[in-house]
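>>> After the sequence you'll find the predicted model.
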Amino acid sequence: MKKRPVSFQRDLGYVCRVEKSHLASQEPLFQGAVSSPAQSVLRLGLFLFACGVLLSRAPNLLLFPRFWAEEATEYFAYAYSHTFWETLFFFQKSDVGGYFNLAASLPAALAGSLFSVESAPLVTTFFSFAVMLLPVSVLTFGSSYLWNSLFSRCFALLFIFLAPTATPEVWMNSINSQVFLGVFTFLILFENFENRSIAWKSFCCFMLLFAGLSGVYAIFLVPAFCARLYARRDPVTLLLVCCLLLCACIQGGLFLSGAVGEGGDVRRFSETLWSLGPSSVFINHYLFPILGRELAYEAWHDVLMERASMYAWWGSILGALFLFITAWSATLVKEEQRQWFIVGFVGLLTVSFCTMISAFDGIAGGRYAVVPSVSFLLLIVALIRFTRSWWLSLILTFGLGVSLSSGFAHYWNDPFFRCRKNCPKWDTEVAIWRKDSSYCPRVFPFKRRGHPGQWRVCLKP
C-alpha cells in the first residue's frame, strides 16, 4: 500500500481538527444566523406553540376586549378629546406615572383617532398582545449567547409566561406592556448579532428605542448594556447603548419636569422604606419565583417581613448573602460564557434595586416583581446549561421544577380572569353613555382590593 506523503497527512490532520472543533461548537437545531428549512420550521413551530400558551390563559380578553385602569381613565380619556399627535406625546404628571409610556399612548392615539368608542379596547388589547410576542420572537428567531439550544429556548419561553410571579395585572393591557418590553430588553442584552441581517439589527434597535420610551425597565438595564459594551466593544452594542442613553435622558428630563412642576408627585421615591425594601426584593424577586405563591408567602413572607420591620439590617444581610452565592455560582460556569453571566447579574442587580426604590413604600411585589423575577429564572435556565458542577445543575433543576409546577397550577386557574357578577362590559357601558353623556363607563379592575371605588372613565369632547 502506497504511503501518503507527510505533508498530506499533516494537512489532513489539520482539516480534521478544524472540522471537529467546528462541529463541537455547533448547537443542533438552533445554531447560526442562517437557518436551514428544518430549523426555520422548528422555530416557527416553537413561536406558534408559545403564542398558543399565551392565548390559552385568558382567551376572553381577545374575544371581549376591555380597558384596564389608567389605560382608560388617563390615556383613552385624553385621546377622546385630543388629536392623534397630542395623545401620542401625552405625558402623565401624577403619582401613577412620572415617565413617558409610548406603549400606552400610541394605541390610545390610534383608538381615539381611527376607531369608534365601542372598538377602542380592541385596539389597545391587540396592541398589548403584539408587545407580549416580542420576547417570544427574540427567543425563537434570534441567536442568543445563553439560550442557544432547543432545551434552553423552550424553558425560557415557559418561564416568561408561566413564572409564579406572572401576575394577571400585566396581562394584555397597554399601561403594563412596559413589563414585557423590559423582558425583551433583557433578552436583547445577550443577543448575538454576528452575521445577522441588517433588518434584524435594525428591528432590535428600533424596538429597544420603543422600550426605552415606554417606561423605566429598559432604562434600568443601561448599566448592564454598558457592561456588555466593555466586554464586546462591537458597533451594534455601541448603538444599543446610545439608544438607551438617549431614552434615559428623555425619561429623566420628563421625570424631573414632573417632579418640580405642577402636578408632579414623587411619593414612591420619598416613601421608600429601606427596612422593608431589601427583604421585599429577596422574597418577591428571588424566593417567590422559585418556591411559588404558597411557600413563599405563607411559610416565609410573614416571618421575614416581621423581622425586617424589627431589624433594618435583616433584609440587607439576606440580600448580601444571596448576591454572594449568585456571584460565586458564576465562577462555576464555562469560561467562554462567564462574561455573559456577569453581564446578566449586573442587569439583575440594577433592575432589582431600581425597582425597589421606585415602587410604592419599597415593596417591589406584584407587577414590579415580574421583570426581575423572570430575568432571574432565565439566568438559572442558562446556568443549568453552562455550569461545570453537576450538583449545582441538579439543585437548580429541582428549583425550576418547583417553580414551573407552581406556575402551571395558577396559570389557567387564576380567579382574576373569571368575571364575577356585575362586571363591566364595555359595549353595555358605552350604550348607557350614548344615552346619557354624563355617565362615566366602568372599566376594569372591578372593585380592586384596597381601592375605595370603581374605576370609571369620563369621556368629555
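Structure's in. What do you need? These numbers were taken from a predicted model, which means no experiment stands behind them.

>>> how about residue 334, what does it touch?
386, 387, 388 (CB atoms under 8 Å, 6 or more residues apart in numbering). Backbone N, C-alpha and C define where each C-beta goes, glycine included.

>>> burial of the last one, as a residue count?
Read that as residue 388. By the measure other CB atoms under 10 Å, the count of residues near residue 388 is 11.

>>> Equivalent analysis for the first one, please.
Residue 386 is flanked by 19 other residues according to other CB under 10 Å.

>>> Can you verify my assumption that it contacts residue 333?
Yes. Under the criterion of CB atoms under 8 Å, residue 386 makes contact with residue 333 at 5.0 Å.

>>> neighbours of residue 183, just the number please.
Neighbour tally, residue 183, other CB under 10 Å: 24.

>>> got it, and residue 132?
Each residue near residue 132 was counted by other CB under 10 Å, and the total is 23.

>>> Can you tell me, leaving aside adjacent residues, what's nearest to it?
Closest residue in space to residue 132, ignoring its immediate chain neighbours: residue 180 at 4.9 Å, by CB to CB, 6 or more residues apart in numbering.

>>> what comes into contact with stretch 49-69?
By CB under 8 Å, 6+ apart, the list of residues contacting stretch 49-69 from outside reads 76, 120-122, 124-126, 129, 132-133, 136, 139-140, 157-158, 161-162, 168, 171-176, 411-412, 414, 417, 424-426, 443-445, 455, 457.

>>> In PDB, list the C-alpha atoms belonging to that stretch.
Only the C-alpha atoms of stretch 49-69 are listed here, as PDB (Å, rounded to 0.1, in the frame of the first residue of the first chain):
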ATOM      1  CA  PHE A  49     -46.700  27.000  20.400                       C
ATOM      2  CA  ALA A  50     -45.700  29.900  22.600                       C
ATOM      3  CA  CYS A  51     -48.500  32.000  21.100                       C
ATOM      4  CA  GLY A  52     -50.900  29.200  21.900                       C
ATOM      5  CA  VAL A  53     -49.800  29.100  25.500                       C
ATOM      6  CA  LEU A  54     -50.100  32.800  25.800                       C
ATOM      7  CA  LEU A  55     -53.600  32.900  24.300                       C
ATOM      8  CA  SER A  56     -54.800  30.000  26.400                       C
ATOM      9  CA  ARG A  57     -54.600  31.800  29.700                       C
ATOM     10  CA  ALA A  58     -57.300  34.300  29.000                       C
ATOM     11  CA  PRO A  59     -58.800  34.000  25.500                       C
ATOM     12  CA  ASN A  60     -61.800  36.000  26.600                       C
ATOM     13  CA  LEU A  61     -59.600  39.100  26.700                       C
ATOM     14  CA  LEU A  62     -59.300  39.000  22.900                       C
ATOM     15  CA  LEU A  63     -62.900  37.800  22.300                       C
ATOM     16  CA  PHE A  64     -64.300  40.500  24.600                       C
ATOM     17  CA  PRO A  65     -61.600  43.200  25.000                       C
ATOM     18  CA  ARG A  66     -61.700  45.600  27.900                       C
ATOM     19  CA  PHE A  67     -59.900  48.700  29.200                       C
ATOM     20  CA  TRP A  68     -57.700  48.400  32.300                       C
ATOM     21  CA  ALA A  69     -57.500  51.200  34.900                       C
END
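
>>> For that stretch, buried residues please.
50, 53, 54, 57, 58, 61, 65, 66, 67, 68, 69 (16 or more other CB atoms under 10 Å).

>>> Next: stretch 143-161.
Buried residues in stretch 143-161 (16+ other CB under 10 Å): 143-149, 152-161.

>>> likewise stretch 423-437?
For stretch 423-437, by 16+ other CB under 10 Å, it's 424, 426, 429, 430, 433.

>>> any chance of those in a markdown table, with secondary structure, pLDDT and distance to residue 254 too?
Below are the buried residues of stretch 423-437 laid out as a markdown table (DSSP: H, G, I helix; E, B strand; the rest coil; pLDDT from 0 to 100; distance: CB to CB, whole Å):
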| residue | secondary structure | pLDDT | distance to residue 254 |
| --- | --- | --- | --- |
| 424 | coil | 83 | 32 |
| 426 | helix | 90 | 31 |
| 429 | helix | 90 | 32 |
| 430 | helix | 91 | 32 |
| 433 | helix | 91 | 32 |
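
>>> Closest one of those to residue 243?
Minimum distance to residue 243 across these is 36.3 Å, recorded for residue 426 (CB to CB).

>>> pretty sure that closest one is touching residue 441, no?
Yes. Contact criterion CB under 8 Å: residue 426 and residue 441 qualify, at 7.1 Å.

>>> Just the buried residues of stretch 143-161: which are in helices?
Those of those mapping onto helices are 152, 153, 154, 155, 156, 157, 158, 159, 160, 161, per DSSP state H.

>>> residue contacts, the first one?
By CB under 8 Å, 6+ apart, residue 152 lies in contact with 146, 381, 382, 385.

>>> Swap in 10 Å and give it another go.
27, 30, 139, 144, 146, 378, 381, 382, 384, 385, 386 (CB atoms under 10 Å, 6 or more residues apart in numbering).

>>> Name the surrounding residues that touch stretch 390-404.
155, 158-159, 162-165, 288-292, 295, 328-329, 332-333, 373, 377, 380-381, 383-387, 389, 411.

>>> about what we covered before: I'd like the contacts of residue 152 laid out as JSON lines, including pLDDT and secondary structure.
Listed next are these as JSON lines, based on pLDDT from 0 to 100; DSSP: H, G, I helix; E, B strand; the rest coil:
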{"residue": "27", "pLDDT": "43", "secondary structure": "coil"}
{"residue": "30", "pLDDT": "51", "secondary structure": "coil"}
{"residue": "139", "pLDDT": "93", "secondary structure": "helix"}
{"residue": "144", "pLDDT": "92", "secondary structure": "strand"}
{"residue": "146", "pLDDT": "92", "secondary structure": "coil"}
{"residue": "378", "pLDDT": "94", "secondary structure": "helix"}
{"residue": "381", "pLDDT": "92", "secondary structure": "helix"}
{"residue": "382", "pLDDT": "91", "secondary structure": "helix"}
{"residue": "384", "pLDDT": "89", "secondary structure": "helix"}
{"residue": "385", "pLDDT": "88", "secondary structure": "helix"}
{"residue": "386", "pLDDT": "88", "secondary structure": "helix"}
